[in-house]
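Undergrad: Sequence first, predicted model second:
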Amino acid sequence: MARLTADLSNGITQLTSRRTSRLVWCFPARRETRVASTLRAASDGIASLTKIGILGFGSYLPSRVMTNDDWAELLDTDDEWITSRSGIKERRVAADDESTVDLAGAAAEKAMADAGVSAADIDEIIVATDTPEVYLPDTASYLQHRLGAGEVTAFDLGGSGCAGFVLALDIAKSRVQSITKKILVVGVELTSRLVSRTNRATAVLFGDAAGAVVIGAGDEVYAEFLSFDSGTDGQHTDILKLETGGTRRPFSIEEARREAHKDLIMDGREVFRQAVRRMTAAAENVIDRAGRLKSEIGIVIPHQANVRIIDAVRKKLGLDEDQMYVNLDRYGNTGSASVPVAMAEAHQEGRIKPGEVVVLTAFGAGLHWAAAALQF
Ligand code: UT7
C-alpha cells in the first residue's frame, strides 16, 4: 500500500510505501491542482481503481417530540438555559414499545431502499451504539435477524461514544477494500432509556435516533471516501463515562436503587474544550490526507453535541456559517446517530452539491475522535 505526501511549498510530491516507509518516487508538482488530483487518485492505493463509498442513506427519528418547555416541567431548567448553552430546542424520544433494534431497523431499511439493495445483498453489518438492545449479545445480531440478512459477519462498535459511526465507516471501507462487497453501517442511540432523566446537566442534551448507510464499491457511489483519521486519548476516560455495570463497579441492588446504572458522569466544560480541539484537528488531518485544501471544503457535517462547539470548530477551520450542517436544534445530541442522520438530511435537502468535498468529524467518550473526507 502506498501513501502520497505533498509539500506544496516546494512543489515536491512523494509516493512512499506504507509498509516500509521508503520513498518510492517523487516529482516536482508544477501546479497545486495537479498535486491534488494525483493525491486523490492514489492516496488509498487499491481505492484508486474502484471507488469505495456510500451507496444509500437512511435515518429514523421517533415521532414523539420533547421540547425544552416539556423538560422545564420535569426538572429545574428552562428553555433559555438549554437554548443559550447548547442550541437545542427539542429532541425525539422513542415510544415505550420501541427498542434500539427498532430504530436501527427502520433506518437500515431506508438506507437499503435508497441503495437499491435488499437484505440478501448485505455482506456485513456494523452497528455503532452505546445504548444496545441488551447487554449480550450485540445489537448487530438482533438487526441481522430483524432485516432477514444472510448469515453474515455482524458486530457492534460500542463504547466509542459519539465517534462510533465515523470510526465504523473507516472499518467498513477497509473491509470493502479487502473482502466484503456491501456493508450496512448503522449509528443508533436510545439514550432516553439508559441515561438518567433526573440529572438536568445531561438529561436535556440527548435525543433518540438512528442513521444508516450502505457502503460498497463501484462507479455509482453517492460519495467516495477520500480519507479517514481517528484517535484516542485514554487519559480522559473520567470526563464522560457511565461506570456502573462493568467489572470495576459491578451492578448491585444498592446501585440499582439509586439508578447508578443510568448515571452518566460528564465534565461538560472539559468535554467542550476537548471536542473543539479534536474535531478541528481531525477535520484538518482528513483534508490533508485527501490532498485537498481547507478552501475546497463544501460542507462539514459535525457531531451534533452543542452549537457552540460546532461554531468554535467552524471558526478554527475558517469556514462560513452555511458550511456547517446543524440540526441539533431539532434532535439534540443523538450520539452515534448524529452524523449519519445529519448526513442523510443534508443530502436529502440538497445541501450537498454534486462534486463537493464533505468532511465528517466527531468525538465522544474515551476520548475518541474520528473524521472522514468524502467526495460527493
Ligand atoms: O457527545 C458528547 C457529549 N457531551 C458534550 O458534548 C458536552 C459538552 N459540553 C457542553 O455542551 C456544555 O458544557 C454544557 C451545555 C453541558 C454546559 O454548558 P456550560 O456553559 O459549560 O455550563 P456549566 O456546566 O458551566 O454550568 C453552568 C451552570 C451551573 O450552575 P452554577 O454552578 O453556575 O450555579 C449548572 O448547575 O448551569 C447549571 N446547569 C443548568 N441550569 C439550568 C446545568 N445544567 C442545567 C440545566 N438547566 N439543564
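TA: Noted; the coordinates are in hand.

Undergrad: How about residue 121: what's its closest non-neighbour residue?
TA: residue 182 (5.6 Å; CB to CB, 6 or more residues apart in numbering). C-beta here means a position set from N, CA and C on the backbone, and glycine is covered the same way.

Undergrad: Likewise for residue 147?
TA: Per CB to CB, 6+ apart, closest to residue 147 is residue 119, 4.2 Å.

Undergrad: Quick one: residues contacting that neighbour.
TA: Contact criterion CB atoms under 8 Å, 6 or more residues apart in numbering gives 112, 147, 148, 149, 150 as the residues in contact with residue 119.

Undergrad: Which helix or which strand is home to the closest residue to the ligand within the stretch 1-150 of the chain?
TA: Residue nearest to the ligand within the stretch 1-150 of the chain: residue 77 (3.3 Å; CB to the nearest ligand atom). Under the criterion DSSP states H and E, no helix or strand holds residue 77.

Undergrad: one step back: the residue nearest to residue 121 contacts residue 55, correct?
TA: Yes: judged on CB atoms under 8 Å, residue 182 makes contact with residue 55 at a distance of 7.2 Å.

Undergrad: what sits in contact with each of these two?
TA: In contact with both residue 182 and residue 55: 115, 117, 214, 215, 216, using CB under 8 Å, 6+ apart.

Undergrad: Out of those residues, which end up buried?
TA: Listed as buried from the shared contacts of residue 182 and residue 55 are 115, 117, 214, 215, 216; burial here means 16 or more other CB atoms under 10 Å.

Undergrad: Doesn't the fourth one lie inside a strand?
TA: Yes: the assignment for residue 215 is a strand, going by DSSP: H, G, I helix; E, B strand; the rest coil.

Undergrad: Show me what it is bridged to.
TA: For residue 215, the beta-bridge partners are residue 54, residue 183 (DSSP bridges).

Undergrad: roughly how far apart are it and the ligand?
TA: According to CB to the nearest ligand atom, to the nearest Å, residue 215 stands 24 Å off from the ligand.

Undergrad: State the pLDDT value of that residue.
TA: If you check residue 215, the pLDDT there is 98.

Undergrad: Thought residue 52 was touching it, still the case?
TA: Yes: using CB under 8 Å, residue 215 and residue 52 qualify as a contacting pair, with a distance of 7.2 Å.

Undergrad: Quick one: residues contacting the residue nearest to residue 241 when sequence neighbours are not counted.
TA: Excluding its sequence neighbours, the residue lying closest to residue 241 (CB to CB, 6+ apart) is residue 265, at 5.4 Å. Shown in contact with residue 265 (CB under 8 Å, 6+ apart): 238, 240, 241, 242, 243.

Undergrad: Residue 265 and residue 78, how far apart?
TA: Look at residue 265 and residue 78: by CB to CB, to the nearest Å, they are 24 Å apart.

Undergrad: Around residue 326, how many other residues sit close by?
TA: Counted with other CB atoms under 10 Å, the neighbours of residue 326 add up to 18.

Undergrad: Over to residue 107?
TA: 28.

Undergrad: how about the helix or strand containing it as PDB, C-alpha atoms only?
TA: Assigned by DSSP H and E, residue 107 belongs to helix 100-115. Extracted C-alpha coordinates of helix 100-115, given in PDB (Å, rounded to 0.1, in the frame of the first residue of the first chain):
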ATOM      1  CA  THR A 100     -32.700   0.000  19.800                       C
ATOM      2  CA  VAL A 101     -33.200  -2.600  17.100                       C
ATOM      3  CA  ASP A 102     -36.500  -1.000  16.000                       C
ATOM      4  CA  LEU A 103     -34.800   2.400  15.400                       C
ATOM      5  CA  ALA A 104     -31.800   0.700  13.800                       C
ATOM      6  CA  GLY A 105     -34.000  -1.500  11.600                       C
ATOM      7  CA  ALA A 106     -36.100   1.400  10.400                       C
ATOM      8  CA  ALA A 107     -33.000   3.500   9.300                       C
ATOM      9  CA  ALA A 108     -31.400   0.400   7.800                       C
ATOM     10  CA  GLU A 109     -34.500  -0.400   5.600                       C
ATOM     11  CA  LYS A 110     -34.400   3.200   4.200                       C
ATOM     12  CA  ALA A 111     -30.700   3.000   3.500                       C
ATOM     13  CA  MET A 112     -31.000  -0.300   1.700                       C
ATOM     14  CA  ALA A 113     -34.000   1.000  -0.300                       C
ATOM     15  CA  ASP A 114     -32.000   4.100  -1.200                       C
ATOM     16  CA  ALA A 115     -29.100   1.900  -2.300                       C
END
